[in-house]
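**Q** using only what follows, build the 3D model:
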Amino acid sequence: MTADLKLGLNLGYWPASPPPGQLELVTTADDCGYASLWTAEAWGSDAVSPLAWYGAHTKRIKLATGLIQLSARTPACTAMTVATLDHLSGGRVILGLGVSGPQVVEGWYGVPFPKPLARTREYVDIVRKALVRDEPVTADGPHYPLPYPGGTGLGKPLKMILHPLRPQVPIYLGAEGPRNVALAAEIADGWVPIFYHAERGPKAYADALAGARPGFEIACPVTVSITDDVSAGLQLVKWTVAFYIGGMGARTVNFHYDLMGRLGYADEAAEVQRLFLAGDRAAAAAAVPDDLADGIALVGPLARIRERLALWRDSPVTTLLVGGVRDPAQLRALAELF
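**A** Below is the predicted model of the structure:
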């Protein structure tokens, strides 16, 4: 159970162009006491540049990458980026990291995807070494060896020139599979799930989170739709779920599809995927169960959302990352519920 459930604003990544009005949402969240602001990246807008802009217009809200893709930057580059932004923001950065999936890693970044857990472990270790700045950074792992064991032979261990404002920036890992979540509980300060079900999530992830240290944070993205038409609000959530089950991954390798099975929706996910890949996206969205959409979101009038917040307070989630809200007045209304 979470004694003090916090709010975050989840902006995600941009579509074809920057969405209008985001700066007003950010400043409203800052004024209303939202704990954190989260940006993302896929194969379009990056996660860091918007945070630098928003950080210049805010005073207290934490600036979180949700998530930086490992394959987009070397661990040394990520450490430099985090140290720079942390100085600019006065120590407000949370570093969220994720491996993404093979379609993006190999199709967009042009690097191999295998061994995601081992790569993540090495990556986090190097970032932390660079930020602590105790000594020149070396690493002997197979994925990110430092210095590089080849090339000219002139590489040497280096220590970051910049002295980080904070040598221990919080690191959260985005993860879906049980082993990935267990890795987050072992080596990270927090976990960023996707499609965490308020009622089924605690049981589904209990074993994976058993090794989490005291103070471990769970920052959970939640689509919020404040509306009197609950059915219409759920339909928007269903479209997103159908897209991830059917389109964000291959037919044979799709982590989101696998997650639905662990939450108890294996048969339903198979039908959603079948319809989506057959080109009938409307039918795929309609095939997403109501209780699945309702369990991963907050939908309805404020009174209903207030009631359903009790489910989240009874879960191990520590921060709800509000997504889907485009009206500053609604952000204020949600803050009042907390």
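**Q** need the contact list for the residue most central in space within the chain.
**A** In the chain, the centroid-proximal residue (Cα atoms, centre = their mean) is residue 66; its distance is 3.8 Å. Taking Cβ atoms under 8 Å, 6 or more residues apart in numbering, we find residue 66 in contact with 10, 38-40, 47, 96, 172, 174, 192, 219, 221, 321. Glycine gets a C-beta too; all of them are placed from N, C-alpha and C.
**Q** nearest to residue 272, of these?
**A** Using Cβ to Cβ, residue 221 comes nearest to residue 272 of those, at 19.5 Å.
**Q** can you give me the strands in the chain?
**A** Taking DSSP state E as the criterion, the chain carries its strands at 6-12, 36-39, 62-65, 68-69, 93-98, 171-174, 190-192, 217-226, 297-300, 319-323.
**Q** for residue 335, find the nearest of those.
**A** Residue 335 sits nearest to strand 6-12 of all the strands of the chain, at 6.4 Å, using Cβ to Cβ.
**Q** show me the shaky parts of the chain.
**A** 1-3 (pLDDT under 70).
**Q** got the domain boundaries for it?
**A** Using automatic domain parsing, the domain parsing of the chain gives 6-226+301-337, 228-298.
**Q** what's the span of stretch 13-23, first residue to last?
**A** Taking Cα to Cα, to the nearest Å, stretch 13-23 runs 14 Å from one end to the other.
**Q** heads up, I number from 22, so please use that
**A** With the count now opening at 22, the last piece we talked about shows up as stretch 34-44.
**Q** can you list the residues that contact it?
**A** Contacts of stretch 34-44 (Cβ under 8 Å, 6+ apart): 32, 60-63, 65-66, 68, 71, 74-75, 78, 347.
**Q** the protein: helices as residue ranges?
**A** With DSSP state H as the criterion, the chain has helices at 43-53, 70-77, 96-110, 123-128, 137-153, 199-208, 222-225, 251-268, 276-283, 287-298, 302-307, 311-316, 323-334, 349-358.
**Q** please name whichever of these is nearest to residue 164.
**A** Closest among the helices of the chain, once you apply Cβ to Cβ, is helix 137-153, at 4.7 Å.
**Q** thank you kindly, that will do.
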